[in-house]
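Q: Provided below are the primary sequence and the corresponding predicted coordinates.
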Amino acid sequence: MKKLMKEKPFAKISVIDICEGCGMNRKSFYYHFKDKYDLVNWIFYTDFISLVSAGNFENGWELLVAVGELFYRDQQFYRSALKIEGQNSFKDYFYESMTPIVSFFLRSDGEEEENGDREILITFFCDAYLSAVVRWLEDGCRMTPEEFVGNLKAMILEMARKIVEEKV
């Protein structure tokens, strides 16, 4: 799938193309995957799980750098994947995958609190992170993953500082 997505748009890729590319039959493909969307999501899931299980992250920022490195290594694939629209799109899957990470970032004093304000904050940061990643990939990843996440962190901290100054 990664090879095919470098050669043509996702919409033009058929299950037959995928099967021919890896020497399997359609029945085997459908035994493992619901459709080609499911395959794209599985590729990310596999990459992400191996990343998380191999990493020993001190904090969430390091995890975001590692996700950035994953996207940086396969930027053509992920750039194409994030353009997929519709039900079961990779963008929706990636968003859902990042929600628990952002939720972990935003927890206070190790306690999980369930309230509307917290959910709005999680949604806001997931939307912002997803938009930033899409733009970074579309711009050709001109920054390294470390610079990209460092800039995100600096912007968030500056915004928080300004908000705190206004409250005083």
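A: Great, that's in hand. Note that the structure is predicted; figures quoted are calculated from it, not measured.
Q: how far is stretch 124-139 from where the chain is centred?
A: Distance, stretch centre to chain centre, for stretch 124-139: 9 Å (C-alpha atoms, centre = their mean, to the nearest Å).
Q: Next up, the contacts around the residue nearest in space to the middle of the chain.
A: The residue lying closest to the centre of the chain (C-alpha atoms, centre = their mean) is F94, at 4.2 Å. With contact taken as C-beta atoms under 8 Å, 6 or more residues apart in numbering, F94 is in contact with 44, 82, 130, 133. For glycine as for every other residue, the C-beta is placed from the backbone atoms N, C-alpha and C.
Q: Now intersect those with the strands, please.
A: Per DSSP state E, strands hold no members of the contacts of F94.
Q: now the helices: where do they sit in the protein?
A: 2-7, 15-22, 26-32, 36-54, 60-73, 75-81, 90-106, 116-138, 145-167 (DSSP state H).
Q: give me the number of residues near N88?
A: Look at N88: counted by other C-beta atoms under 10 Å, it has 14 neighbours.
Q: That one reaches N41, doesn't it?
A: Yes: with contact defined as C-beta atoms under 8 Å, N88 reaches N41; the gap is 7.1 Å.
Q: isn't F105 right up against F125?
A: Yes: under the criterion of C-beta under 8 Å, F105 makes contact with F125 at 7.5 Å.
Q: Looks like W42 contacts K36 (just checking).
A: No: applying C-beta under 8 Å, one finds W42 not in contact with K36, separated by 10.4 Å.
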